[in-house]
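Peer 1: Okay, predicted coordinates and the sequence, questions at the end:
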Amino acid sequence: MFRAALPMPIWPLEPGAGHAVPTRRVLSARRVDLNQASAAGARERRPKPRPLPQRPHFSSGPCAKPPGWHPGLIDTRSLGRSHRSALGKARLQEAIERTHALLELPRDYRLGIVPASDTGAVEMALWALLGPRPVTMLAWESFGQGWVTDVVKQLRLEADVRTAPYGELPDLQTIDPASDVVFTWNGTTSGVRVPNAQWIDEHRSGLSICDATSGAFAQDIDWRRIDVGTFSWQKALGGEGGQGMLVLSPRAVERLERQPAGRPLPKIFRLTKSGALIEGIFKGETINTPSLLAVEDWLVALDWAERIGGLEALIARADANAAALDRWVSGADWIEHLAADPAIRSNTSVCLQFADRTDEEANQARQKAMVKLLEAEEAAFDVGAYRDAPPGLRIWCGATVDTADVEALGPWLDWAWEASA
Ligand SMILES: Cc1ncc(COP(=O)(O)O)c(C=O)c1O
């Protein structure tokens, strides 16, 4: 029987008339070995694995801070100052320039800091750009589906909407290069990413608009095929939420200036003034007040990323983490990847589903119980599947996570599975 609320993990090694231990504090598996437990006539439980992950931070956003991060690393000189002071602007500009370099964006691409995190950046792009051309919307999980809702229900644009169930990708091959295409590079809630950008026509006349928030800094994005890219700071480099970043290709700028969408836009979505791009946004003159604490924290994250070797090193770390998790998944018979095809499987938001999917409600409850147990043990934080996704676990494997911690996590997941039975 499924016992989600069971207070103490029990692992019945042999059938017997044992009784449940009243509380975990009274008889901890850490303190009582299996022989003692047998001798006492108690039902035996699987010992808690060792070691614990040193940092149990596997959330898919906000994600783990960079290894070695501590608040003392934050330069506080700009705090309490105006973001329009010479210092404030210089720090914002530095954040832009160093991010541009770290991402290896083409020299003629602009990068700006915008309000309202990744969502703000995506909405700005959709509202300011879409309309003049046909639109193709690609969605294979919740966030992409959210952008479809915006375009179809709020902007009320006719769109070629292509969706795929959790774990799969829609057809990417027959997209009209004359249409604008909106997609999510890495679907955070399904763990499915596009394998590359080859399917985006080099000679397209439409714009490609890409929500790259859980792919940037972990996956190889061919920016020449992306006209608008967005991401936020709290994902792959472990920054803080609040600001979004917006990448614009020269063609996106040209569209904004020459063929604006022609709808009224609130101030925080406006990228042009009198028909010209507001260049200040791309030099640190933000539309409204940013958190300078978040900016300074982002600069700390950039320091770390540059020091370990830049983009290549970040991608290698995410790949190594995802490979370590995959080794564990291959040996576990109770869980499997939601994305069956490794070619489209994320190396950041790795999504796993229970192998036995006959009872969705029981699986939901089991997920909840496991997440609770893992958190209580400080073995893993925030690893439940996204609320709309199939029940299971989601483990962030981005670069700020250490591979040793992913390796230490596997046995804890087995433990939590059995403990929640
Ligand atoms: C793919 C994707 N898009 C958008 C968002 C929303 O991001 P934010 O909270 O930075 O606006 C998320 C958050 O997890 C995401 O994963």
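Peer 2: Ah, there it is. Numbering: from 1, shown residues only.
Peer 1: Do a quick rundown of the helices in this structure.
Peer 2: 34-39, 86-103, 117-129, 142-149, 250-258, 292-308, 310-331, 360-376, 403-419 (DSSP state H).
Peer 1: Pull up the residues of this protein that are close to the ligand.
Peer 2: Within the chain, the positions near the ligand by CB under 6 Å from any ligand atom are Gly61, Ser117, Asp118, Thr119, Phe143, Thr184, Thr188, Asp211, Thr213, Ser214, Ser232. No exception for glycine: its C-beta is placed from N, CA and C like everyone else's.
Peer 1: Same list (the residues you listed) but as CSV, adding neighbour count and distance to Glu240.
Peer 2: Shown next, in CSV, are the residues of the chain next to the ligand (neighbours: other CB atoms under 10 Å; distance: CB to CB, whole Å):
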residue, neighbour count, distance to Glu240
Gly61, 20, 11
Ser117, 22, 10
Asp118, 27, 13
Thr119, 18, 15
Phe143, 21, 20
Thr184, 29, 22
Thr188, 28, 18
Asp211, 28, 19
Thr213, 29, 14
Ser214, 30, 16
Ser232, 27, 9
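Peer 1: Between all of those, which two are separated the most?
Peer 2: Farthest-apart pair in these is Ser117 and Thr184; separation 14.7 Å (CB to CB).
Peer 1: List the residues that contact Phe231.
Peer 2: Asp118, Ala121, Ala212, Thr213, Gly215, Ala216, Phe217, Gly244, Met245 (CB atoms under 8 Å, 6 or more residues apart in numbering).
Peer 1: was I right about the second one contacting Gly244?
Peer 2: Yes: Ala121 sits in contact with Gly244 when judged by CB atoms under 8 Å, with a separation of 3.4 Å.
Peer 1: Any regions of this structure where pLDDT drops low?
Peer 2: 1-44 (pLDDT under 70).
Peer 1: give me that answer again for 90
Peer 2: 1-46, 262 (pLDDT under 90).
Peer 1: okay, now the domains of it?
Peer 2: 8-47, 50-64+309-419, 74-307 (automatic domain parsing).
Peer 1: What about Asp341, how many residues nearby?
Peer 2: 12 (other CB atoms under 10 Å).
Peer 1: For the ligand, see how far away it is.
Peer 2: 19 Å (CB to the nearest ligand atom, to the nearest Å).
Peer 1: what do you get for Leu130?
Peer 2: Taking CB to the nearest ligand atom, one finds Leu130 at 17 Å from the ligand.
Peer 1: right, and His329 touches Leu338 too?
Peer 2: You called it His, but residue 329 is Val. No: Val329 is beyond contact range of Leu338, at 10.7 Å (criterion: CB under 8 Å).
Peer 1: Just want to know which of these two has more residues nearby.
Peer 2: Neighbours were counted for Val329 and for Leu338 using other CB under 10 Å; Leu338 has more, 27 against 18.
Peer 1: Okay, the more buried one and Ala416: tell me how far apart.
Peer 2: For Leu338, the distance to Ala416 (CB to CB, to the nearest Å) stands at 18 Å.
Peer 1: Could you do Pro66 as well?
Peer 2: In terms of CB to CB, Pro66 sits 27 Å off from Ala416.
Peer 1: So between those two, which is more surrounded?
Peer 2: Ala416 (27 against 21).
Peer 1: Who are the contact partners of the residue lying closest to the more buried one once chain neighbours are set aside?
Peer 2: Using CB to CB, 6 or more residues apart in numbering and skipping residues adjacent in sequence, the residue nearest Ala416 is Met370, 4.3 Å away. When contacts are counted by CB under 8 Å, 6+ apart, Met370 touches Val383, Gly384, Leu393, Leu413, Ala416, Trp417, Ala419, Ser420.
Peer 1: State the number of residues packed around the residue lying closest to Lys89 once chain neighbours are set aside.
Peer 2: Closest residue to Lys89 apart from its sequence neighbours, by CB to CB, 6+ apart: Gly284 at 4.8 Å. Residues near Gly284, counting by other CB under 10 Å, number 22.
Peer 1: so who does Asp382 touch?
Peer 2: His57, Phe58, Ser59, Ser60, Val371, Glu375.
Peer 1: Next, it: phi, psi?
Peer 2: Backbone torsions of Asp382, given as degrees, to the nearest 10, read phi 60, psi 40.
Peer 1: The ligand versus that one, what's the distance?
Peer 2: 12 Å.
Peer 1: picking that back up, give the contact list for the residue nearest to Lys89.
Peer 2: Residues in contact with Gly284 (CB under 8 Å, 6+ apart) are Lys89, Ala90, Arg91, Leu92, Gln93, Glu94, Ala95, Ile96, Ile113.
Peer 1: And for Val300?
Peer 2: Contacts of Val300 (CB under 8 Å, 6+ apart): Pro66, Trp69, Leu73, Ile74, Asp75.
Peer 1: Let's test this: what are the backbone torsions at the last one?
Peer 2: The phi and psi torsions at Asp75 (degrees, to the nearest 10) take the values phi -80, psi 120.
Peer 1: That one against Leu302, yeah?
Peer 2: No: using CB under 8 Å, Asp75 is not in contact with Leu302, being 12.0 Å away.
Peer 1: out of the two, which sits in the busier spot?
Peer 2: Leu302 (21 against 14).
Peer 1: Tell me, how many residues neighbour Ala125?
Peer 2: For Ala125, using other CB under 10 Å, the count is 29.
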